[in-house]
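1. need a structure here:
(2 chains)
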Amino acid sequence: MSSGAILVLGGRSDIGLAIAKVYAREGHAVQLAARNVFDLEAEKADIALRYGVDVSLHEFDALDVESHEAFVTSLPALPETVVCAVGALGVQEESEQDHAEARIIMRSNFEGPVNILAILANAFEARGSGVIIGISSVAGDRGRATNYIYGAGKAGFTAYLAGMRNRLATKGVHVLTVKPGFVATRMTDGMDLPEKLTTDADTLASSVFKAAKRRRNEVYIKPIWWLVMLIIRNIPEFIFKKMKI
Amino acid sequence: MKLAGWGRYPARDCVVTTPRTAEELAATLAKGPAVARGNGRAYGDSALNEENTISTRHLNRMIRFDETSGVLEAEAGVQLGDVIDAYLPRGWFPAVTPGTKFVTLGGMAAADVHGKNHHVDGGFGNFVDWIDVMGPDGVVVRASRDDNADLFDWTIGGMGLTGVVLRLGLRLRRVETGWIEQRTIAAPNLDAAMEAFETHHSAPYSVAWIDCLSTGASLGRSLIMLGDHAPLAGLPNKFRQVPFGPPPAQKRKVPFNAPSFALNRFTVKAFNALYYHMGARKTGTDYVPWDTYFYPLDSILGWNKIYGRRGFVQFQCVLPDGHARAGLEALLMRISDAGQGSFLAVLKKLATDTHKFSFPMAGYTLALDFPVSEKVLSLMTELDRITLDHGGRFYLAKDARMTDTTLRASDPRAEAFAAMRVETGAAGAFASLQSARLKL
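-> Down below sits the predicted model:
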């Protein structure tokens, strides 16, 4: 009774779960994928009870790239939509000193997401339909001292999504890049976020659903972020490098 | 974070934590006395604690639903509107609902909210089978009418001061449609209004809008709205196509605080007269969607801003049957004398109380709201006095300014409640601005 499924990579994240719920409300089956997915049973029950759709749980480790082919094969059905909400923020100062930590951050934001989406993209291309949604970040628009390790991973992810969109545009597969600014989630709990620039996971999820439906290519969640990033991108480097932002 | 209740008075800077698990909740409780906060729909300071306010926003999962008994198990942060969205299309509706669907189940239990059917069905607590409560020590206990009955009884209506409700089992009611068969009766004065309530005491839902600025022979003129869930067979054809009603109306938003002169005795008086006469012309039976019937104000997001920047205060008391007539008359006369109009003035018959510290008692409840001002606050002190003189008591979910002396004079149960809190250790672990003010 549920219509085409949405696969949520990073199904434990606030953003991933919120997007799953918006699609479920619209009658889509949900495939939640995450590490230690067994403890998402409560979320599974919640979504099924609220929206009366099929919900399934799938063990998925973004960093275990060798397992990705098998993961896709194990899904009950090839999803209609995939959203990749995998990522790790880390702590910039720590990542500067601890290179192993930095590698994990970059792999979590780039290598893992790209690897799984590459496999799904091929399957979608073969089928001739599908929507790929990547949750990237405004941090990928320009490297800044305060978060460039996270930002570099996201910049790579943004570029990858753009390229994939270009490749698949004529193949019936749509690619949507989402660049949230500040989102009040578990990842940002305890951070002091400016109210006017901050959104919540539920608002973000509704915007993503609408953007995907309208086949938008790239969206900032709060329009103000488009302006903020336009300015940030256009500050000349000789000035930018001395700024603290 | 600046926090206030729905009345936006008082507003305080509060440290807010949003736990996602019982473990995180226990860790937050360990930091010091706290109060749980649902969706912030209590009007006053019931869910404010400057040092430690715990938002249940993320403890909001539905756990299980039994299609035969209609029992929904859910976490306390689930909102009533979500329950309706999920279960009305399957033929279930909340057995008790307050005037907004933007409340959490935990908040409803804490205030033991009542609805338009209180005179028949009693309060929300009557449909709660059990609650899981985290106590002062961080341990979760299941309480029901059979197990830990005292904890159950004190917690329903306990304003979050006995522990944090984590989960509950809630019985929904079967309905065939989402339509309400509504009948409006115009009552030209208080006697006629009370008579209508008595005559129609078996109507499943009843509530009156009361014009609190009318005077003399029209004192207490009201529109009594009776309602019942419409059976499918009774529905006019055009509604039978959409048995669970049209989707809730598009939400409009109050964009900014109204200037303080927008609501005054003249505008409110004019509005009330118009509203009464329009209503009186439309008496009779019609069918309205559940959303319009139960939650007329929910379609205007942020309606609490129409009272301006300073916010507003609610006054809600209940007067026991024997003294209700005299008490209501005294209250209404004092209010119309003061010329303090209230858009939302509601009169309703209540049944007897069912929990140790719940608000309702057999009698009549009157609810009003006023924009905050020195004048209004002193008027409310006078209304407190009149209520006390007539053996009435006050609804804590609405209160923002009563004194502890008033509370104790109105309600001998308050002392027992406070003593219980000391005995169980709750006094040292759960506190709100309200509990401090009222010395609970």
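2. show me chain B divided up by domain.
-> Chain B breaks down into these domains under automatic domain parsing: B:60-176, B:179-401.
3. just the ones you listed: most buried one?
-> domain B:60-176 (a mean of 21; mean count of other C-beta atoms under 10 Å in any protein chain shown). Glycine gets a C-beta too; all of them are placed from N, C-alpha and C.
4. follow-up on the earlier one: so can I have JSON lines of the domains of chain B showing mean pLDDT and distance to residue A:244?
-> Below are these laid out as JSON lines (pLDDT from 0 to 100; distance: least, C-beta to C-beta, whole Å):
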{"stretch": "domain B:60-176", "mean pLDDT": "97", "distance to residue A:244": "38"}
{"stretch": "domain B:179-401", "mean pLDDT": "88", "distance to residue A:244": "35"}
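5. that's a helix at residue B:414, yeah?
-> Yes: per DSSP: H, G, I helix; E, B strand; the rest coil, residue B:414 lies within a helix segment.
6. was I right about it contacting residue B:405?
-> No: under the criterion of C-beta atoms under 8 Å, residue B:414 makes no contact with residue B:405, lying 10.5 Å away.
7. neighbour-wise, which of these two wins?
-> More crowded of residue B:414 and residue B:405, by other C-beta atoms under 10 Å in any protein chain shown: residue B:414, with 19 against 12.
8. could you report the pLDDT at the more buried one?
-> Predicted confidence (pLDDT) for residue B:414: 97.
9. that older thread, quick one: which of the domains of chain B is nearest chain A?
-> Nearest to chain A, of all the domains of chain B, is domain B:60-176, at 3.8 Å by C-beta to the nearest C-beta.
10. residue 162: what's it in contact with?
-> No chain was given, so I picked chain A. Applying C-beta atoms under 8 Å, 6 or more residues apart in numbering or on different chains, we find residue A:162 in contact with A:175, A:177, A:218.
11. that's the wrong chain, I meant chain B
-> By C-beta under 8 Å, 6+ apart, the neighbours of residue B:162 are B:133, B:135, B:151, B:154-155, B:420-421, B:424, B:426, B:430.
12. ok, now residue A:135?
-> A:10, A:15, A:83-85, A:87, A:178, A:180.
13. ok, which stretches of chain B are helices?
-> B:22-29, B:80-87, B:105-111, B:118-121, B:149-155, B:190-199, B:237-240, B:265-281, B:290-294, B:321-338, B:374-389, B:404-410, B:413-424, B:433-437 (DSSP state H).
14. and the last one, which residues are buried?
-> So that's helix B:433-437. B:433-435, B:437 (16 or more other C-beta atoms under 10 Å in any protein chain shown).
15. tell me the average confidence for that helix?
-> The pLDDT scores in helix B:433-437 average 98.
16. could you check how far that helix is from the centre of its chain?
-> Taking C-alpha atoms, centre = their mean, to the nearest Å, one finds helix B:433-437 lying 19 Å from the centre of the chain it belongs to.
17. same deal with the first one?
-> Here the centre of helix B:22-29 is set off from its chain's centre by 28 Å, with C-alpha atoms, centre = their mean.
18. would you agree residue B:313 is in contact with residue B:374?
-> No: using C-beta under 8 Å, residue B:313 is not in contact with residue B:374; the gap is 11.8 Å.
19. in TSV, list the buried residues of helix B:433-437 along with distance to chain A.
-> Shown next, in TSV, are the buried residues of helix B:433-437 (distance: C-beta to the nearest C-beta, whole Å):
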residue	distance to chain A
B:433	23
B:434	27
B:435	27
B:437	29
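20. show me the shaky parts of chain A.
-> Counting by pLDDT under 70, the ranges of chain A that qualify are A:1-2.
21. swap in 80 and give it another go.
-> Across chain A, residues meeting the criterion (pLDDT under 80) sit at A:1-3, A:187, A:189-190, A:245.
22. interface residues of it facing chain B?
-> Within chain A, the positions near chain B by C-beta under 8 Å from any C-beta of the partner chain are A:42-43, A:45-46, A:49-52, A:186, A:189.
23. now do 10 Å
-> Residues of chain A lying close to chain B by C-beta under 10 Å from any C-beta of the partner chain are A:14, A:25, A:39, A:42-52, A:184, A:186, A:189-190, A:195, A:200.
24. so which of those residues belong to strands?
-> A:184, A:200 (DSSP state E).
25. looking at the contacts of residue A:162, spot the one nearest residue B:144.
-> residue A:177 (50.9 Å; C-beta to C-beta).
26. surely the closest one meets residue A:134?
-> Yes: using C-beta atoms under 10 Å, residue A:177 makes contact with residue A:134 at a distance of 5.5 Å.
27. mind checking which of these two has more residues around it?
-> The neighbour comparison of residue A:177 against residue A:134 (other C-beta under 10 Å) goes to residue A:134, with 28 against 24.
28. does that one count as helix, strand or coil?
-> strand.
29. and the strands in chain A?
-> Applying DSSP E to chain A gives strands spanning A:3-9, A:28-34, A:55-59, A:81-84, A:130-135, A:173-179, A:182-184, A:198-200, A:218-220.
30. to residue B:120, which of the ones you listed lies closest?
-> So among these, strand A:55-59 is nearest, using C-beta to C-beta, at 38.1 Å.
31. list the buried residues for the closest one?
-> Quick answer for strand A:55-59 (16+ other C-beta under 10 Å): A:55-58.
32. quick check: residues of chain B near chain A?
-> Counting by C-beta under 10 Å from any C-beta, chain B sits next to chain A at B:1, B:17-21, B:24, B:57-58, B:60-65, B:72-75, B:78, B:82-83, B:85-87, B:89-90.
33. again, only using 6 Å
-> Residues of chain B that fall close to chain A, judged by C-beta under 6 Å from any C-beta of the partner chain: B:61-62, B:65, B:86.
34. let's have those in JSON lines, adding distance to residue B:290.
-> What follows is the residues of chain B next to chain A, written out as JSON lines (distance: C-beta to C-beta, whole Å):
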{"residue": "B:61", "distance to residue B:290": "24"}
{"residue": "B:62", "distance to residue B:290": "20"}
{"residue": "B:65", "distance to residue B:290": "19"}
{"residue": "B:86", "distance to residue B:290": "14"}
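35. strands - which of the residues you listed land there?
-> Among the residues of chain B next to chain A, the members found in strands (DSSP E) are B:62, B:65.
36. which strand in chain B runs the most residues?
-> strand B:164-174.
37. what sits up against that strand?
-> B:36, B:70-73, B:75-76, B:87, B:92-93, B:95, B:105-106, B:109, B:127-134 (C-beta atoms under 6 Å, 6 or more residues apart in numbering or on different chains).
38. can you flag which of those residues belong to strands?
-> Short answer: the contacts of strand B:164-174 in strands (DSSP E) are B:36, B:71-73, B:75, B:92-93, B:128-134.
39. hang on, the earlier thing: which strands border the longest strand of chain B, and is each parallel or antiparallel?
-> strand B:71-75 (antiparallel), strand B:92-94 (antiparallel), strand B:128-134 (antiparallel) (DSSP bridges).
40. may I see the ones you listed organised as a markdown table, with distance to residue A:154 added?
-> Listed next are the strands paired with strand B:164-174 as a markdown table, based on distance: least, C-beta to C-beta, whole Å:
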| stretch | distance to residue A:154 |
| --- | --- |
| strand B:71-75 | 33 |
| strand B:92-94 | 44 |
| strand B:128-134 | 39 |
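41. between these, which gets nearest to residue B:181?
-> strand B:92-94 (14.1 Å).
42. now the closest one, how far from the chain's geometric center?
-> 18 Å.
43. where exactly do the helices run in chain A?
-> A:14-25, A:41-51, A:68-74, A:92-97, A:99-106, A:112-127, A:148-168, A:201-213, A:223-234, A:237-240.
44. if you count neighbours, what's buried in the second one?
-> Residues of helix A:41-51 classed as buried by neighbour count (16+ other C-beta under 10 Å): A:43-51.
45. how many residues are close by the closest residue to residue A:202 other than its chain neighbours?
-> For residue A:202, ignoring the flanking residues on the chain, the nearest one in space by C-beta to C-beta, 6 or more residues apart in numbering or on different chains is residue A:18 at 5.2 Å. Residue A:18 has 22 neighbouring residues, counting by other C-beta under 10 Å.
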